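Student: predicted structure and sequence below. I'll ask about it afterward.
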Amino acid sequence: QAISKLVAKDVIERQGRGIRLTPAGRILAEHGRTVVAEIDAAIAAIEDLRGDRGGVLRLVGFPSASATIVPTMMARLTAEAPEVTFQYREAEPPEAISMLRDGEVDCALVFDFAGEPLPSACVFTPLWREELKLVVTEERSGGAESLDLADFDADHWIAGCAKCRGHLMAVARESGFEPDIIQETDNVPAMMAMVGAGGAVALVPGLGLAAARTLPPGTRALPFSKPRFRTIGLVSVDTANESPSVRLAKRLLGEIDGGAWGLTPAQPATRR
């Protein structure tokens, strides 16, 4: 009844030759996503109660997870619920969360730096903690077993995806310098090969190192004297009735031992 009281001018307005949502319209659209997700979750839960354990699990994840965590999850799914169709897409966290909000996937496997805020109506379930390391040439490491970021203020840098680049900029500023970024790629093996070619260093997450399997000759991946981490977790729509597909994804991922890739368990609390 409340929605029926709204008229077109409350939710849309003209912009040039087209139209756009008003602030009220954006609020309605945002809540509409939650309503749709609630209905979808309720229908899925009813089907689950009926004993229908089939269906589809739609997941999006980031590149280094595609070569490590996701195949392990797929193997568990095949063994435990072979009737469930697994659909997977790859995207960096900002795009992945947009896909989740648009209803293209059921949940998103993402990495997170220091509790960054999530969009409304989303919840983050942390799974593992991942250490960040500095990939440098043997010569540049100077034989050290751990490093201080501030000691690399005069070096050239190779940056990753937009989210990783933003984190590099932030931690470098904390250490008192602006990193001189001369190359950018979200392809971790390419990043490490560039370091091996000489003239630059790169901040690389542990999962990326695990996915690459080996370091290029003449390079080292070293921890910081003050360890730096990021968190890997699952983002889903915050609903009263969590869908069976999201519950299944959480269970399967929660059973995976991340130690094979140098991951450690994260705190169990959820974040909205």
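Tutor: Here it is on my side, so go on. Numbering: from 1, shown residues only.
Student: contact partners of the helix or strand encompassing Ile97?
Tutor: Under the criterion of DSSP states H and E, Ile97 resides in helix 93-101. Contact partners of helix 93-101, identified using C-beta atoms under 8 Å, 6 or more residues apart in numbering, comprise 33, 60-62, 89, 91, 105-112, 118-119, 121-122, 162-163, 235-237. (C-beta placed from N, C-alpha, C; glycine too.)
Student: just the buried ones from the residues you listed?
Tutor: When the contacts of helix 93-101 are checked for burial by 16 or more other C-beta atoms under 10 Å, the buried set is 33, 60-62, 91, 105-112, 118, 121-122, 163, 235-237.
Student: re earlier: buried residues in the helix holding Ile97?
Tutor: When neighbours are counted by 16+ other C-beta under 10 Å, the buried residues of helix 93-101 are found to be Pro93, Glu95, Ala96, Ile97, Met99, Leu100, Arg101.
Student: report the distance from the helix or strand following that helix to the chain centre.
Tutor: Once the chain leaves helix 93-101, the next helix or strand it forms, by DSSP H and E, is strand 107-112. Relative to its chain's centre, strand 107-112 lies at 3 Å (C-alpha atoms, centre = their mean, to the nearest Å).
Student: what pairs with strand 107-112, and is each one parallel or antiparallel?
Tutor: Strand 107-112 has the following sheet partners, assigned by DSSP bridges: strand 56-61 (parallel), strand 228-237 (antiparallel).
Student: relative to Glu138, which of the ones you listed is closest?
Tutor: Ranking those by proximity to Glu138 (C-beta to C-beta) places strand 228-237 first, at 21.7 Å.
Student: tell me the gap between the helix or strand that that closest one is followed by and the middle of its chain.
Tutor: Using DSSP H and E, the helix or strand that follows strand 228-237 towards the C-terminus is helix 244-254. A distance of 16 Å separates the centroid of the chain from that of helix 244-254, by C-alpha atoms, centre = their mean.
Student: other SSEs contacting helix 244-254?
Tutor: Packing partners of helix 244-254 (3 or more C-beta pairs under 8 Å, 6 or more residues apart in numbering; DSSP states H and E): helix 23-49, strand 56-61, helix 69-80, strand 107-112, strand 122-137, strand 228-237.
Student: now those in TSV, with mean pLDDT and distance to Ala154?
Tutor: Shown next, in TSV, are the helices and strands packed on helix 244-254 (pLDDT from 0 to 100; distance: least, C-beta to C-beta, whole Å):
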stretch	mean pLDDT	distance to Ala154
helix 23-49	65	46
strand 56-61	96	36
helix 69-80	96	36
strand 107-112	96	28
strand 122-137	96	13
strand 228-237	95	20
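Student: ok, which of the strands paired with strand 107-112 comes nearest Pro23?
Tutor: strand 228-237 (22.5 Å).
Student: cool, thanks, talk later.
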